[in-house]
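1. what's the 3D shape of this:
(one chain, ligands or ions: 3)
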Amino acid sequence: MALIVQKYGGTSVGSVERIQAVAQRVSQAAKLGNSIVVVVSAMGKTTDGLVKLAGSISHNPCRREMDMLLSTGEQVSIALLSMALQEIGQPAISLTGAQVGIVTEAEHTRARILNIETKRLETCLQEGKVVVVAGFQGISNTGDLEITTLGRGGSDTSAVALAAALRADFCEIYTDVPGILTTDPRLVPEAQLMDEITCDEMLELASLGAKVLHPRAVEIARNYGVPLVVRSSWTDEPGTLVTAPPQLGRSLVNLELARPVDDVEFDTNQARVALLRVPDKPGVAAHLFGEISSQDVDVDLIIQSIHEGNTNDIAFTVLKPILNKAEAVASAIAPALRSHPSMEGEEAEVMVQNNIAKVSIAGAGMIGRPGVAAKMFIALAEAGVNIQMISTSEVKVSCVIDSADCDKAVATLRQAFDIKSSPTPPTPPTPHTHPVRGIALDMKQARLAIRHVHDISGTAAKIFGLLANSNISVDTIIQSQRCHIVNGIPTRDIAFTVTRMDAESAQQMLQQAAREYGWGEVVLDNAIAKVSIVGAGMVGQPGIAAKMFEALAQHQINIQMITTSEIKISCVVHEQEGVKALQVIHQAFGLAGSEKVQVPA
Ligand code: ADP
Ligand code: ASP
Ligand code: MG
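-> Ligands and ions are numbered 1, 2, ... in the order given. So this is what the prediction gives:
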């Protein structure tokens, strides 16, 4: 006999017939002697409908009232599912988030779960009832019992949090696809089902656009070691297991506000190669990294900055012992990378730097908490450490700095994030036949670029501190390699992506800061798409980046930005080329299965 939390998404409860089918499935599991808590989403596209309704009354509706409105969708489905269960003889009771005691912070429309009361749930389960809980909602921890919601897609998070609080044997997410696939089957019908995936890989995929799981649900599963399965609501196939590292024995208090950073890591065995002024046209990154991988040189971080005029800068890091080899490759191809073949002097320039170090903060509590990266930049600024390159992932923020600053930076970060344990060695990657597990597309991002920000310590802290104060999460941060002297001050461009929803307010805020600090213009581009490959097995495997870039080049898709972390590579391309980019990359890595996935409307 097991305690199971099952979650059914909107499509799975989208009609009376589907609710009845869910009731059958739930009651079968209960009849086997299991205790079942069911979490449900609003029926079909109810939540979208409610958002639209609000939009027809107000351009900028008050967040409190949005929560009041959106939380009603789930209240309908819990009552109907509970009735359907009772109708087939299965005792059941529906409970709202407030009735359970899913206590959240008072942040309307994006609240984090602080605590879950389990008493009432346990009593109902002991009485032999199936408990049907409304997903996506909670009640604020302030005295006035405000209804809150967790953010779109948040029912997954409700389910995994309930499983953690109840110490359930496992949590099953039932949805309209067979499990977690190599990419979205609505865009690539040949996407293949994965039997299992690690939490770290899934965290990246979910945050980079794979909406099959809410990233925060994966974060909780990782932090509390909740066994998590994603399966189809229509079949009995086993689906995909999301594997979590061993339980860390965390306290359940402040569940989603758990310590965001577990570790500070550093690596002084790195060197940097930068190619300045390479032409901004398809195929350049493919050419460069194709050559590099043919020499068996493994690159770690890669960044390509926004283009200026018609040229780009690309920088990458390699292990020190292979710097000479990497430099030789870059220098050999530089003459071929001319922005104007007819013009002399426009040749790409190679710059190498041996005295660098990479410092990183790592932990699975950074999602949607822009303050964490900002705190890192502020701590480094206060210690007088200048940041040369930034790379972000869902579980790590890394900064490339001068190696002379490394000890100081590590000590500062350990103090800032209260890290007492000695640094842990990085976990070895899980070997997979495919180093690339999944591909995600995010069409909801915008790019902001600030021209000519001062190249001095404290600049990143200013920019990202400002955005963090307004709760704006930033991804894909890139500083240009090229330095311009403006009024005697060295400056660089800095670019990053934010969700489109936040883009305009971020731009306004930064324009004001730019006036104050004397930076250049703040440019916004909404017409972008971000396509990313994810896989823990790509660490230490030369040629993965080259293959991705080559696939894009073959289809004449220009790469506007590149950013990597250890387990992902993201490229920003034009919005119109997003879906095509996803499809050709999926194909290039041979991820297609032999059968097409059927996805219900
Ligand atoms: P639910 O209502 O069950 O929560 P969602 O619509 O939120 O369902 O998430 C399921 C959808 O996620 C699928 O229908 C699919 O289109 C999309 N999806 C995106 N990426 C993936 C992926 N890698 N694997 C499976 N589904 C994906
Ligand atoms: N109904 C909510 C939404 O559509 C929550 C969810 O389905 O997970 O975002
Ligand atoms: Mg969902």
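2. from here on, contacts and neighbour counts on C-alpha atoms
-> Fine.
3. Counting neighbours, what do you get for residue 257?
-> 16 (other Cα atoms under 10 Å).
4. where does the closest residue to it other than its chain neighbours sit relative to ligand 2, distance-wise?
-> Among residues not flanking residue 257 along the chain, residue 114 sits closest, at 6.7 Å (Cα to Cα, 6 or more residues apart in numbering). Separation of residue 114 from ligand 2 (Cα to the nearest ligand atom, to the nearest Å): 18 Å.
5. and the host helix or strand of residue 114, what's its mean pLDDT?
-> Residue 114 belongs to strand 113-116 when assigned by DSSP states H and E. Averaged across strand 113-116, pLDDT comes to 96.
6. What residues sit buried inside the host helix or strand of residue 24?
-> Here residue 24, judged by DSSP H and E, is contained in helix 16-31. By neighbour count on 16 or more other Cα atoms under 10 Å, the buried set for helix 16-31 is 18, 19, 20, 21, 22, 23, 24, 26, 27, 29, 30.
7. Next up, the contacts around the residue of the stretch 201-350 of the chain found nearest ligand 2.
-> Residue nearest to ligand 2 within the stretch 201-350 of the chain (Cα to the nearest ligand atom): residue 214, separated by 7.7 Å. Listed by Cα atoms under 8 Å, 6 or more residues apart in numbering, the contact partners of residue 214 are 153, 154, 156, 157, 206, 207.
8. State the pLDDT value of the closest residue to residue 128 other than its chain neighbours.
-> Once flanking residues are discounted, residue 128 sits nearest to residue 91: 6.9 Å by Cα to Cα, 6+ apart. Reading off the confidence values, residue 91 has pLDDT 98.
9. hang on, residue 91 packs against residue 83?
-> No. In this structure residue 91 lies outside contact range of residue 83 using Cα atoms under 8 Å: 9.3 Å.
10. on that earlier part again, identify the residues contacting the following helix or strand past the strand holding residue 114?
-> Toward the C-terminus, strand 113-116 is succeeded by helix 119-126 as the next helix or strand (DSSP H and E). Under the contact criterion Cα under 8 Å, 6+ apart, helix 119-126 has outside partners 35, 36, 93, 100, 130, 131.
11. and the helix or strand following helix 119-126, what does it pack onto?
-> Next helix or strand after helix 119-126 toward the C-terminus (DSSP H and E): strand 130-134. Judged by 3 or more Cα pairs under 8 Å, 6 or more residues apart in numbering; DSSP states H and E, strand 130-134 is in contact with strand 35-40, helix 63-87, strand 92-95, helix 97-100, helix 119-126.
12. For the protein, what lies in contact range of ligand 2?
-> Counting by Cα under 6 Å from any ligand atom, the residues of the chain close to ligand 2 are 9, 10, 41, 42, 47, 136, 152, 153, 154, 155, 156.
13. Only the buried residues of stretch 167-174, if you could.
-> Quick answer for stretch 167-174 (16+ other Cα under 10 Å): 167, 168, 170, 171, 172, 173, 174.
14. now, which of those residues lie within strands?
-> In this view, these that belong to strands under DSSP state E are 170, 171, 172, 173, 174.
15. Using a markdown table, please lay out the residues you listed together with pLDDT and distance to residue 274.
-> Below are these laid out as a markdown table (pLDDT from 0 to 100; distance: Cα to Cα, whole Å):
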| residue | pLDDT | distance to residue 274 |
| --- | --- | --- |
| 170 | 95 | 48 |
| 171 | 98 | 46 |
| 172 | 98 | 46 |
| 173 | 98 | 45 |
| 174 | 98 | 47 |
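16. Kindly indicate which of those lies nearest ligand 2.
-> residue 173 (10.7 Å).
17. OK, contacts around the spatially most central residue of the chain?
-> Per Cα atoms, centre = their mean, the C-alpha nearest to the average position across the chain is that of residue 207, at 2.3 Å. Residue 207 sits next to 214, 215, 394 when contact means Cα under 8 Å, 6+ apart.
18. Just to be sure, which of those residues are found in helices?
-> Members of the contacts of residue 207 lying in helices (criterion: DSSP state H): residue 215.
19. got the contacts of residue 207 as JSON lines, with pLDDT and distance to residue 224 columns?
-> Listed next are those as JSON lines, based on pLDDT from 0 to 100; distance: Cα to Cα, whole Å:
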{"residue": "214", "pLDDT": "96", "distance to residue 224": "16"}
{"residue": "215", "pLDDT": "92", "distance to residue 224": "14"}
{"residue": "394", "pLDDT": "75", "distance to residue 224": "17"}
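20. Quickly name whichever of the contacts of residue 207 is closest to residue 272.
-> Nearest to residue 272 among these: residue 394, at 23.4 Å, using Cα to Cα.
21. From residue 226, how far off is that closest one?
-> Separation of residue 394 from residue 226 (Cα to Cα, to the nearest Å): 19 Å.
22. Compare the two and say which is more crowded by neighbours.
-> Legend: neighbour count by other Cα under 10 Å for residue 394 and residue 226, higher for residue 226 (28 against 24).
23. Helix or strand for that one, just tell me which one.
-> Per DSSP H and E, there is no helix or strand for residue 226.
24. Any residues of the stretch 51-200 of the chain in contact with ligand 1? List them.
-> 153, 175, 176, 177, 179, 180, 181, 182, 183, 184, 185, 186.
25. And the furthest pair within those residues?
-> Pairwise distances across those (Cα to Cα) peak at 19.9 Å, for the pair 153 and 182.
26. These two: which is more packed in?
-> Each of residue 153 and residue 182 has its neighbours counted (other Cα under 10 Å); residue 182 has more, 25 against 21.
27. which residues does the residue nearest to the more buried one when sequence neighbours are not counted contact?
-> By the measure of Cα to Cα, 6+ apart, the closest residue to residue 182 outside its immediate chain neighbours is residue 438, 4.3 Å from it. Residues in contact with residue 438 (Cα under 8 Å, 6+ apart) are 181, 182, 183, 205, 533, 534, 535.
28. And for residue 593?
-> Counting by Cα under 8 Å, 6+ apart, the residues that residue 593 touches are 190, 191, 192.
29. burial count for residue 246?
-> For residue 246, using other Cα under 10 Å, the count is 11.
30. right, and it touches residue 225 too?
-> Yes. Using Cα under 8 Å, residue 246 is in contact with residue 225, at 6.0 Å.
31. For residue 194, give me its contacts.
-> Per Cα under 8 Å, 6+ apart, neighbours of residue 194: 179, 180, 181, 182, 239, 240.
32. 6 Å - rerun?
-> Going by Cα atoms under 6 Å, 6 or more residues apart in numbering, residue 194 touches 180, 181, 240.
33. So which residues of the stretch 201-350 of the chain form helices?
-> 215-224, 284-294, 323-333 (DSSP state H, counting those that start in this stretch).
34. For those helices, could you give me TSV that also reports distance to residue 110 and mean neighbour count?
-> Formatted as TSV, those follow (distance: least, Cα to Cα, whole Å; neighbours: other Cα atoms under 10 Å):
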stretch	distance to residue 110	mean neighbour count
helix 215-224	11	26
helix 284-294	38	20
helix 323-333	45	18
